[in-house]
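A.B. asks: Predicted coordinates and the sequence they were generated for:
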Amino acid sequence: MLRRTKIVATLGPASSDQKVLENMIRAGVDLVRMNFSHGSAQDHMKRADTVRAAAAAVGRTVGILADLQGPKIRVRKFENDKIVLNKGDAFILDAALDGLGNQERVGLDYKELPNDVDVGTVLLLNDGMLEFHVTGVKGSEVHCVVVRGGVLSNNKGINRKGGGLTAPALTDKDKEDIKTAALIKADYLAVSFPRCADDMKMARELMHAAGGRSLVLAKIERAEAIPVLAEIIDASDAIMVARGDLSVEVGDAAVPGLQKKMIKMARAHNKLVITATQMMESMITAPIPTRAEVSDVANAVLDGTDAVMLSAETAVGDYPVETIEAMARICLNAEREDEHHMVDRRTVTQKFTRVDQSIAMSALFAASHFKVKAIVALTQSGSTPLWMSRMSAGVPIFALTPVQETLTKVTLFSGVHPIVFHSTAKDQSTELIFAEQALKEKGLVQDGDLLVMTVGEAVGKAGHTNTMKIVRVGDHRKQ
């Protein structure tokens, strides 16, 4: 059984060696996330080359996701690297402090914090482990009382409960990093902390200005993004359910419902969705996941996510390959339990404005009425398999294309498997025969299998898919 749900793995010290990467790809990695919070442009270029070399050595297509750092809303460093704060302690967040912090105060990377808070504002630090209530603002100083104490160490993040920090989504560093992402030909560009659709539009414009063609992905992690979620989705190619910062800002109990809502909305808008954060967190140091983590991953699959993502588990964890193997196993088992609804009310009533989109939906409709082995989309841009992937097909969708950019982008599409396909055919009939032969040679289909195939009348041109055929493998030899 081919796995439908894709696996995104974060690159880091534990996974930078090419041999380790090869084993991770064999275990099931479809897309590699490069965290631009760490490393130089040269580091990113070297890592992208390593990823592609590892994928080539294994013989699989793997995409690259460049993840921008976003605004640094953090405390600065302490004299002794950390302090311990107790409930009731007074503490000052000082935007003007350039030196090291101490038991009474610490500096800030985000200088605008005093302008973004008032008396009574609740600040959550270190992923919500510590809670401060603002008691006053005096110039550059934000005076707080500790409501929930604990250890506060260097460079820990700050969130405002309920949102409201005005930091722009794209910093000067991000704008430079977009140029690097374009240079390494990243398939996806993830924008951290977008507040509105304009943030995503700006990221896309900057990418195009840098000569890149990365699809843009919005990481939903600010409270302000929730009321304008539909607009952000429309302005993006994909979203990430980034449950870490989002949980801190909106409250942990709200996140499961928001996860389901976001996945459903993304699919309804024909956009891609990744579910992320602490999915297999215990496997940073343990060789097997907890039962709760197994359920978390499985539920994301059942919700309809395109992909599940690993962060520290593969970046710095002790068991990067084993973590991917476990995640792949969980996804496959969840998919076996999933009820496939290839054609629902939306499919029947939806109005199509493009011929290739209507062909994609027709292929799904036909596949739901015949016992087919696979859906085969001969594609240049990847649009047809994208539309097919928005519904749970229950059978693999093979995207056959000669375009490298399309091959790597479909690595994130649920249920879609990229196949390199170069053809010299001049007409549709010959093109379909060649495609059938290519799949047979790879052992993906055999004589007698029923396929639903889509192809364009203008062979080799993007946006011209206008034909769907139901064929039985090997029948052309009998004609």
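C.D. replies: Good, I have the coordinates.
A.B. asks: Could you identify the helix or strand that succeeds the lowest-mean-pLDDT helix or strand in the chain?
C.D. replies: Here the helix or strand of the chain ranked lowest by mean pLDDT, DSSP states H and E is helix 345-349, holding a mean of 51. Per DSSP states H and E, the first helix or strand lying C-terminal to helix 345-349 is helix 355-367.
A.B. asks: which other helices and strands contact the helix or strand following that following helix?
C.D. replies: Downstream of helix 355-367, the first helix or strand assigned by DSSP H and E is strand 374-378. The elements that strand 374-378 packs onto, with contact taken as 3 or more C-beta pairs under 8 Å, 6 or more residues apart in numbering; DSSP states H and E, are helix 355-367, helix 383-389, strand 397-401, helix 428-441, strand 450-456. (C-beta placed from N, C-alpha, C; glycine too.)
A.B. asks: could I get strand 374-378 in CSV with only the CA atoms?
C.D. replies: Presented in CSV, the C-alpha positions along strand 374-378 are these (Å, rounded to 0.1, in the frame of the first residue of the first chain):
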residue,chain,number,x,y,z
ALA,A,374,-4.7,4.0,-9.8
ILE,A,375,-5.4,7.4,-11.2
VAL,A,376,-2.7,8.6,-13.7
ALA,A,377,-2.3,12.3,-14.4
LEU,A,378,0.1,13.3,-17.2
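A.B. asks: who wins for proximity to residue 62 among the helices and strands packed on strand 374-378?
C.D. replies: Residue 62 lies closest, by C-beta to C-beta, to one member of those: strand 397-401, at 14.7 Å.
A.B. asks: and that closest one with strand 450-456, angle?
C.D. replies: 40 degrees (axes from the mean of the first three to the mean of the last three C-alpha atoms, to 10 degrees).
A.B. asks: my guess is residue 357 meets residue 388, correct?
C.D. replies: No - Residue 357 sits out of contact with residue 388 when judged by C-beta atoms under 8 Å, with a separation of 9.8 Å.
A.B. asks: Looking at these two, which is more packed in?
C.D. replies: residue 388 (28 against 18; other C-beta atoms under 10 Å).
A.B. asks: burial count for residue 161?
C.D. replies: Using other C-beta under 10 Å, residue 161 has 17 neighbouring residues.
A.B. asks: Would you mind measuring from it to residue 237?
C.D. replies: As judged by C-beta to C-beta, to the nearest Å, residue 161 and residue 237 stand 31 Å apart.
A.B. asks: try residue 401
C.D. replies: Noted for residue 401: a distance of 18 Å to residue 237, by C-beta to C-beta.
A.B. asks: Please say which of the two ends up with more neighbours.
C.D. replies: Neighbour count, other C-beta under 10 Å: between residue 401 and residue 237, residue 401 has more, with 23 against 20.
A.B. asks: List the contacts of the residue nearest to the more buried one when sequence neighbours are not counted.
C.D. replies: In space, residue 401 comes closest to residue 379 once its chain neighbours are excluded; the distance is 5.1 Å by C-beta to C-beta, 6 or more residues apart in numbering. By C-beta atoms under 8 Å, 6 or more residues apart in numbering, the contact set of residue 379 is 385, 399, 400, 401, 406, 465.
A.B. asks: Check residue 196 too.
C.D. replies: Per C-beta under 8 Å, 6+ apart, neighbours of residue 196: 224, 225, 228, 231, 232.
A.B. asks: redo that, cut-off 7 Å
C.D. replies: With contact taken as C-beta atoms under 7 Å, 6 or more residues apart in numbering, residue 196 is in contact with 228, 231, 232.
A.B. asks: Same list (those residues) but as CSV, adding secondary structure and pLDDT.
C.D. replies: As requested, the contacts of residue 196 are exported to CSV (DSSP: H, G, I helix; E, B strand; the rest coil; pLDDT from 0 to 100):
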residue, secondary structure, pLDDT
228, coil, 97
231, helix, 98
232, helix, 98
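A.B. asks: Just the buried ones from the residues you listed?
C.D. replies: Buried members of these, counted by 16 or more other C-beta atoms under 10 Å: 228, 232.
A.B. asks: Tell me the one among the contacts of residue 196 nearest to residue 143.
C.D. replies: For the contacts of residue 196, the nearest to residue 143 is residue 228 (32.4 Å; C-beta to C-beta).
A.B. asks: thinking again about what came up before, among the contacts of residue 379, which two are most distant?
C.D. replies: Maximum distance among these (C-beta to C-beta): 12.8 Å, for 406 and 465.
A.B. asks: Comparing these two, which residue is more hemmed in?
C.D. replies: Legend: neighbour count by other C-beta under 10 Å for residue 406 and residue 465, higher for residue 465 (29 against 21).
A.B. asks: Please tell me I have it right and that one contacts residue 358.
C.D. replies: No - look at residue 465 against residue 358 with C-beta atoms under 7 Å: they stay out of range, at 9.6 Å.
A.B. asks: what about residue 285, how many neighbours?
C.D. replies: Residue 285 has 10 neighbours, counted by other C-beta under 10 Å.
A.B. asks: Show me which positions of the host helix or strand of residue 131 end up buried.
C.D. replies: Using DSSP H and E, the element containing residue 131 is strand 130-138. Neighbour-count burial for strand 130-138 flags 130, 131, 132, 133, 134, 137 (criterion: 16+ other C-beta under 10 Å).
A.B. asks: So which residues make contact with that strand?
C.D. replies: 85, 91, 114, 117-125, 142-150, 152.
A.B. asks: Show me what secondary structure element comes after it.
C.D. replies: That would be, after strand 130-138 and using DSSP H and E, strand 141-148.
A.B. asks: Output the contacting helices and strands for that following strand.
C.D. replies: Under the contact criterion of 3 or more C-beta pairs under 7 Å, 6 or more residues apart in numbering; DSSP states H and E, strand 141-148 touches strand 90-94, strand 130-138.
A.B. asks: I'd like the next helix or strand past the shortest one.
C.D. replies: Downstream of strand 90-94, the first helix or strand assigned by DSSP H and E is strand 105-107.
A.B. asks: Could I get the average pLDDT for that following strand?
C.D. replies: Averaged over strand 105-107, pLDDT sits at 97.
A.B. asks: in its sheet, what does it sit against?
C.D. replies: Strand pairing for strand 105-107, determined by DSSP bridges: strand 90-94 (parallel).
A.B. asks: Give the buried residues for the strand it pairs with.
C.D. replies: Using 16+ other C-beta under 10 Å as the test for burial, strand 90-94 gives 91, 92, 93, 94.
A.B. asks: Alpha carbons only: can I get that strand in CSV?
C.D. replies: Extracted in CSV, the C-alpha atoms of strand 90-94 (Å, rounded to 0.1, in the frame of the first residue of the first chain):
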residue,chain,number,x,y,z
ALA,A,90,8.6,41.4,40.3
PHE,A,91,10.5,41.4,36.9
ILE,A,92,11.3,43.9,34.2
LEU,A,93,11.5,43.3,30.5
ASP,A,94,13.7,46.2,29.4
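A.B. asks: what's next to it, contact-wise?
C.D. replies: Strand 90-94 is contacted by residues 75, 85, 104-108, 113, 132, 140-146 when judged by C-beta under 7 Å, 6+ apart.
A.B. asks: So for this structure, the centremost residue is which one?
C.D. replies: residue 274 (3.9 Å; C-alpha atoms, centre = their mean).
A.B. asks: That residue and residue 198, how far apart?
C.D. replies: For residue 274, the distance to residue 198 - C-beta to C-beta - is 22 Å.
A.B. asks: cool, and residue 411?
C.D. replies: 28 Å.
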